[in-house]
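Asks: need a 3D model of the following:
(chains A and B, ligands or ions: 3)
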Amino acid sequence: MADLTKLAPGAAVLLQGNEAIARGALEAGISLAAAYPGNPSSEILESLADSADSAGIHVEWSANEKVALESAAAASFTGLRAMASMKQNGVNVAQDFICNLNISGVRGGLVLVTCDDPSGISSTNEQDARFISRLASLPLLEPATPEECLAMMRFAFELSEAIGNLVVLRSVSRLSHTRAGVVPGELPAGRALPYWDPKTRWFTVPVVPRHQVMLDKLARARSIMAASGFNRYQGPDRPDLLVIASASSALYAAEARRMLDVEGRVGILKLGCTWPLDEDMILSRLEKASHVLFAEEIDPFLETEIKALYAQNAPRLGVMNFFGKGSGHLPLIGEMTPGKLAGAMAGILGLSWLPVAKDYRLQATQLAQGMAAPRDLAFCPGCPHRASYWTIKQTLAVDGRQGIVSGDIGCYTLGLHPTGFERVNSVHCMGSGLGVASGLGQLKKLGFKQPVVCVVGDSTFFHAALPGLINARWNRSDYVLVVLDNSATAMTGFQPHPGTGVTATGQPGVAVDVESFCRAIGLPAQVVDPYDLGAAQEALYDALQQPDGLRVLIFRRVCALVQGRRGGHPWRMSVDEKLCRGEDCGCHRYCTRVFRCPGLVFDEARGRAAIDEVVCVGCGVCAQICPAGAIKAQAKEDAA
Amino acid sequence: MTQASAASTPPAACLDRLRQEVLDPGLCVACGACLGLCPHLLLYDGQVAAPDPCGLADGRCIDLCPQNPGPDPRQRRAGLQAARGLGDEAPLGPVRRAWWGRAQAADLGGRAQYGGVVSALTALALEQGLIEEAVLTQAGQRGTPEGVRVRDREGVLACAGSIYAAGGSLQALNQALAEPAEHPLGVVALPCQSLAAAAMGAHPRYPAGRRLKLVIGLFCTMNLSARGLRQVLGQAGVEGAVTRSDFPPPPAGVLVVTTRRGVSEIPLEKVRPITLKGCAFCPDLTAELADISVGAAEGSPGWNTIIARSRTGQDLMELALAKGLVEAKAVPEESWAHLTAAAAGKRARAGSAREEINHG
Ligand SMILES: Cc1cc2nc3c(=O)[nH]c(=O)nc-3n(C[C@H](O)[C@H](O)[C@H](O)COP(=O)(O)OP(=O)(O)OC[C@H]3O[C@@H](n4cnc5c(N)ncnc54)[C@H](O)[C@@H]3O)c2cc1C
Ligand code: SF4
Ligand code: SF4
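Replies: Ligands and ions are numbered 1, 2, ... in the order given. Coordinates of the predicted model:
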């Protein structure tokens, strides 16, 4: 990312949605930004971190999203503007705080940015985080373009200060990662000194009257938002079909309308301020249409609320027809696309609309597949997680008691797939692996005989695993915790975390290491190198055989990609064709069929395994699994 | 599977069959015959496992497994006997000659299980060059038995004594056979392992199996799970390496275990639950497929019962007698009758266990 303070005001630049959000925050004069990495939100904090020095602000990766928002709220209490950004799952982590902060309110402008991931492209769910606004009675903004990202961020801070409450801005993957022309504005000249008047207090009681205060703030927000100009109507005055859309879906709707050539028949009400609803404007449009289609991602948020608004006004509006996710004209799942909207519009308007012909799509897919290397969703070559799951698979097999693996969130979630030998039995959210393991570890007295292994990454360990671990320790839960420590938040792009001892801005922090923490709660943690399969299997086996209680192993080996940047791995690999057993009894493509590192390929013509020298990083792990000793590791220095 | 369906469906992968018929129902006796052939079958601390699919239909593992009964278990044994020119006589298998005997060598003193005949014959076979290498069983890590490869008398003596647990020792035999070498090999084998060894020697896709020139069999009623035994010993407060263990004849009713700290007796009720389930399906008391089989001599501590089955076995024993390495006497008739009855009993029990599984 680049230093966004260097952009010249008034001169158009190409900015990613996330960068535009960050620039908007800088223009609004934020003093503190905190976040926990997670696609598609990470670049917001990364670009703020790169701008932190020149802007003179504090930017941090926090241990988790709740802490991030709490830190930002603290700055707000002292009168500074601040923000926290996160992916949709992070909103859940922060939710408890949000649902109290909304009552206590804020002083300096405070904005929560959530980046949702329709279709769950890099997520474990496709959750619509807009409901936090509905749930917590907070204003919600939904930009559609990078330009709007910037403008709405500036507006969000004004709004937050005007009503004295948190404001939510919601992006989605496509917007966060798209690039478009943006004209930056001026950066603020100075900022006030943080000060907290000791006579002021931020809290939530007495609840009932303060609940009313919160609702009053929301009502004030409604009128300010109505005047913002972010809600716009475009189309004929009395359209045959009114599309009510937010964010990217508004652009898709415009495209669908063009594709169908129905600009004269279809009007689009694009809402940028989506909670609370601009009721007057919406009702004035409903009065002039009898058919309404909703276009939004992911859940029918506007659809449900606007139908409720209609119900309240039905006697006056008369019979109306609503279409969207509720009517089945649009799917409830997956990303929105212009094609889906065109199909819905055509259906409602009675037009014939041929999306892509089926056989064309088939042919196109096949053609595209032919151009891509056959590769499944897999760990990188040399990934320590492959080695770790190998050990877990082998060891649980010879343990023979049908062990269960409780998984968690990170690259190693891929352990669900063949690349991790499908050796993960459950994955939910950050830290839940330890909670699930803690519960399983109590079932022995009820007759559960299977041993339990829990895997957690180092970043997740600090994010949300600690209460689960402490709970297990306290209640004498019986399982083996394996910390897959690759010394990086690899899944989201190598952001530092507490264990790395480096902060978001690259400054030295204080490293918090996993084993000291474990030791402090009375758990001696054994550190093992997962590349050494024999040693790792032995350590895990011994841990499994120990009779009772929590045991901790740390499989520590730096992420293969990080190692790549640090000068790479030591080995040049090769396969001795004379020793390789190929497809015979005694092997049957064990390395390419079962171990499956992308660095290994099976040479069909020769009937022998081979190293793909472009892909193999030279970690040397596969040499340990070949039954014939055919995979040879030679030190790169000697080979050169 | 009926004949008709066998013809129409592709043959199931060998490893899947091994899983289905042996591993999943818990019938594996950790003999080790399937181990060391390929990376799919794992052995650790006495436990055999196969976590991944292999996919081959004609692998060797299932054919070598003594616990894979096939459509007719008796016929399978008879076929393997016939392959070496012997019959499947009931209930002791082929018997050329039988003795009571004991080894004379002073260096065996104390270490051998009973008469030390097994160790003496093994050492002699190595010295004579009948075999160049022998696969024996010795306590490894955690006290679990494991296969070891020895080439001299010293190595043989280090393995003397019985470990009443299964540790997959034939893995070492497969590993030896996988090496590019020509020398003849021998093995000291439990009855299940003797069957497996015979299968290796006769398998059409295991040419290296022909290097196996001598199988010295051990009598066996049943074996124990190595992990289970460790647990039972732990619960009984037995600490440290076990130097000797024995099931003295009835009415003792105990397993006697000797460590450096002393001798402990474990009541049989504690031992029964850790008996390998698969042993109930084994019909063989006296290692019928060995060249020569050795067991206890009833009521005569320090002596062995010896049954020569093949020419090789008999020659080896007679050479030992001629060299004065082993002294021998006739097996008392009453004792032979007891052994015969015991062998018949084991065959019958295994038969009904198999029936039960097939029809129950
Ligand atoms: C599990 C087991 C059960 C037995 N059950 C009976 C029985 O019911 N009745 C009976 O008469 N005899 C039984 N024996 C045989 C008996 O214990 C003696 O091994 C046999 O009499 C030979 O005595 P020896 O003094 O010649 O042996 P030694 O000269 O002491 O030689 C013993 C040999 O046994 C091998 N050995 C030790 N442990 C194992 C093992 N776990 N698996 C394979 N090989 C091993 C060693 O490699 C060594 O070569 C059993 C042996 C075992 C291992
Ligand atoms: S050495 Fe083997 S395991 Fe490591 S990257 Fe290369 S092919 Fe993959
Ligand atoms: S009984 Fe022997 S061959 Fe059969 S599965 Fe067990 S170890 Fe393998």
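Asks: for the closest residue to A:Ile404 other than its chain neighbours, list the residues it contacts.
Replies: Residue nearest to A:Ile404 in three dimensions, not counting chain neighbours: A:Asn425, with 4.9 Å by CB to CB, 6 or more residues apart in numbering or on different chains. To be clear about C-beta, it is placed using only N, CA and C from the backbone, and glycine gets the same treatment. Applying CB atoms under 8 Å, 6 or more residues apart in numbering or on different chains to A:Asn425 gives the contacts A:Ile404, A:Val405, A:Ser406, A:Gly407.
Asks: contacts with ligand 2 among these, please.
Replies: Taking CB under 6 Å from any ligand atom as the test, ligand 2 is in contact with none of these.
Asks: and the two most separated of those?
Replies: The distance between the two most remote of the contacts of A:Asn425 (CB to CB) is 10.1 Å, for A:Ile404 and A:Gly407.
Asks: who touches B:Gly209 in this structure?
Replies: By CB under 8 Å, 6+ apart, the contact set of B:Gly209 is B:Leu177, B:Met200, B:Gly201, B:Ala202, B:His203.
Asks: distance of the closest residue to it other than its chain neighbours from B:Ala172?
Replies: In space, and not counting its chain neighbours, B:Gly209 is closest to B:Met200: 3.8 Å by CB to CB, 6+ apart. Using CB to CB, to the nearest Å, B:Met200 is found at 13 Å from B:Ala172.
Asks: check contacts around B:Arg151.
Replies: Counting by CB under 8 Å, 6+ apart, B:Arg151 has contacts B:Leu126, B:Glu132, B:Glu133, B:Ala134.
Asks: which residue ranges of the stretch 301-450 of chain A form strands?
Replies: Applying DSSP state E, counting those that start in this stretch to the stretch 301-450 of chain A gives strands spanning A:321-323, A:404-406.
Asks: and of those strands, who's closest to A:Ala52?
Replies: Among those, strand A:404-406 comes nearest to A:Ala52, with 37.6 Å by CB to CB.
Asks: I'd like the contacts of B:Gly209 as JSON lines, with pLDDT, distance to A:Pro570 and neighbour count appended.
Replies: Shown next, in JSON lines, are these (pLDDT from 0 to 100; distance: CB to CB, whole Å; neighbours: other CB atoms under 10 Å in any protein chain shown):
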{"residue": "B:Leu177", "pLDDT": "96", "distance to A:Pro570": "34", "neighbour count": "20"}
{"residue": "B:Met200", "pLDDT": "97", "distance to A:Pro570": "40", "neighbour count": "25"}
{"residue": "B:Gly201", "pLDDT": "96", "distance to A:Pro570": "44", "neighbour count": "19"}
{"residue": "B:Ala202", "pLDDT": "96", "distance to A:Pro570": "46", "neighbour count": "16"}
{"residue": "B:His203", "pLDDT": "96", "distance to A:Pro570": "42", "neighbour count": "15"}
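Asks: widest-spaced pair of these?
Replies: Maximum pairwise distance among the contacts of B:Gly209 (CB to CB): 13.7 Å, between B:Leu177 and B:Ala202.
Asks: interface residues of chain B facing chain A?
Replies: Those residues of chain B that sit near chain A, judged by CB under 8 Å from any CB of the partner chain, are B:14, B:37-40, B:42-45, B:47-52, B:54-56, B:58-60, B:178, B:205.
Asks: make a PyMOL selection of the buried ones in those residues.
Replies: To isolate the buried members of the residues of chain B next to chain A in PyMOL, using 16 or more other CB atoms under 10 Å in any protein chain shown:
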select buried, chain B and resi 14+37+38+39+40+42+43+44+45+47+48+49+50+51+52+54+55+56+59+60+178
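Asks: quick one: name the residues of chain A near chain B.
Replies: With CB under 8 Å from any CB as the criterion, chain A meets chain B at residues A:393-400, A:421, A:537, A:541, A:583, A:585-588, A:590, A:593-594, A:625-627.
Asks: give me the buried entries from these.
Replies: A:393-400, A:421, A:537, A:541, A:585-588, A:590, A:593-594, A:625-627.
Asks: which residue is the nearest non-sequential neighbour of residue 21?
Replies: All of this is about chain A. Spatially, and ignoring its direct neighbours in sequence, A:Ile21 is nearest to A:Cys149 (4.7 Å; CB to CB, 6+ apart).
Asks: sorry, I should have been clearer: chain B.
Replies: Sequence neighbours aside, B:Asn68 is the residue nearest to B:Glu21 in space, at 5.6 Å (criterion: CB to CB, 6+ apart).
Asks: center of chain B, which residue is that?
Replies: By CA atoms, centre = their mean, chain B has its centre lying nearest to B:Leu190, at 1.3 Å.
Asks: just list the residues touching A:Ser352, thanks.
Replies: A:Ala346.
Asks: longest helix anywhere in the chain?
Replies: Because you didn't say which chain, this covers chain A. Counting residues, the longest helix in chain A under DSSP state H turns out to be helix A:207-226.
Asks: hmm, no, I was thinking of chain B.
Replies: Longest helix in chain B, counting by DSSP H: helix B:333-359.
Asks: are that one and ligand 1 in contact anywhere?
Replies: No: under the criterion of CB under 6 Å from any ligand atom, ligand 1 is not reached by helix B:333-359; the shortest gap measures 8.3 Å.
Asks: Three-state assignment for B:Ile306, please.
Replies: Assigned state for B:Ile306: strand (three-state reduction, DSSP: H, G, I helix; E, B strand; the rest coil).
Asks: burial check on it, number of neighbours?
Replies: B:Ile306: 27 surrounding residues under other CB atoms under 10 Å in any protein chain shown.
Asks: distance of it relative to B:Arg97?
Replies: Taking CB to CB, one finds B:Ile306 at 8 Å from B:Arg97.
Asks: go on, B:Val326?
Replies: 13 Å.
Asks: quickly list what's touching both of those two.
Replies: Jointly contacting B:Val326 and B:Arg97 under the rule CB under 8 Å, 6+ apart are B:Met317.
Asks: for these two, indicate the residue with more neighbours.
Replies: In this view B:Val326 and B:Arg97 are compared by other CB under 10 Å, and B:Val326 has more residues nearby, 26 against 15.
Asks: partners of that one in the sheet?
Replies: B:Ala103 (DSSP bridges).
Asks: wait, it sits on B:Gly101?
Replies: Yes: between B:Val326 and B:Gly101 there is a contact at 5.0 Å, judged by CB atoms under 8 Å.
Asks: what segments of chain B are strands?
Replies: Shown for chain B, the strands assigned by DSSP state E span residues B:42-44, B:47-49, B:97-103, B:133-139, B:145-150, B:185-189, B:212-218, B:242-246, B:254-259, B:262-267, B:292-296, B:304-308, B:326-329.
Asks: want to throw those strands into TSV with mean pLDDT?
Replies: Formatted as TSV, those follow (pLDDT from 0 to 100):
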stretch	mean pLDDT
strand B:42-44	97
strand B:47-49	97
strand B:97-103	98
strand B:133-139	98
strand B:145-150	98
strand B:185-189	98
strand B:212-218	98
strand B:242-246	94
strand B:254-259	95
strand B:262-267	95
strand B:292-296	98
strand B:304-308	98
strand B:326-329	97
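Asks: how about these in TSV, adding distance to A:Leu362?
Replies: Below are those laid out as TSV (distance: least, CB to CB, whole Å):
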stretch	distance to A:Leu362
strand B:42-44	43
strand B:47-49	43
strand B:97-103	76
strand B:133-139	58
strand B:145-150	56
strand B:185-189	59
strand B:212-218	57
strand B:242-246	68
strand B:254-259	69
strand B:262-267	69
strand B:292-296	67
strand B:304-308	71
strand B:326-329	79
